[in-house]
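Chemist: Attaching a predicted model along with its sequence, questions to come.
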Amino acid sequence: MVSRTFAFAEDYRAGLDLAHDLKDFQEGKKITCPALVIWGKDFLGSLKEDPVSVWRRSFIPECTVAEVPGGHFVAEENPVQVLAALREFLLQVN
């Protein structure tokens, strides 16, 4: 439980630079280095638009995506598949 509470706090802390993120977005800046997006396919439910399309169009055009069974805390819920996705990605970019 402590690690989950810590993760909540870190998530909020990550939003501290929102002003910088918005400025970068408005200037059309994108993440251009190799990037892996791991997400829990059960987390977002039914959406109007595919999240991968949004991420690629908005800020990570060349991202590699790994959809893993699980929710918001996919690394805790499905660590074996998250590790497998990380390993595969790192071997590709090496």
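Modeler: Noted; the coordinates are in hand. Keep in mind that this is a model prediction, so the values were computed, not measured. Residues are numbered from 1 along each chain as shown.
Chemist: Okay, buried residues for the host helix or strand of residue 21 please.
Modeler: For residue 21, the element it lies in under DSSP states H and E is helix 18-26. Residues of helix 18-26 include none that count as buried (16 or more other C-beta atoms under 10 Å). (Glycine included, C-beta is placed from N, CA and C.)
Chemist: Equivalent analysis for stretch 36-49, please.
Modeler: For stretch 36-49, burial by neighbour count (16+ other C-beta under 10 Å) applies to 36, 37, 38, 39, 40.
Chemist: Could you pull out the strands in the chain for me?
Modeler: For the chain, applying DSSP state E gives strands covering 36-40, 64-68.
Chemist: The ones you listed: which one's closest to residue 53?
Modeler: strand 64-68 (10.4 Å; C-beta to C-beta).
Chemist: centroid residue for the protein?
Modeler: Central residue of the chain (C-alpha atoms, centre = their mean): residue 37, 4.1 Å from the mean position.
Chemist: Quick one: residues contacting residue 93.
Modeler: Each residue near residue 93 by C-beta atoms under 8 Å, 6 or more residues apart in numbering is listed here: residue 34.
Chemist: for residue 66, which residues make a bridge with it?
Modeler: When assigned by DSSP bridges, residue 66 has beta-bridge partners residue 38.
Chemist: What about it, how many residues nearby?
Modeler: Close neighbours of residue 66, defined as other C-beta atoms under 10 Å, add up to 18.
Chemist: before we move on, what about residue 77?
Modeler: Other residues lying near residue 77 total 16 when counted by other C-beta under 10 Å.
Chemist: what's the answer for residue 85, then?
Modeler: Neighbour count for residue 85, taken as other C-beta under 10 Å: 20.
Chemist: Next: residue 60.
Modeler: Residues lying near residue 60 (other C-beta under 10 Å) number 19.
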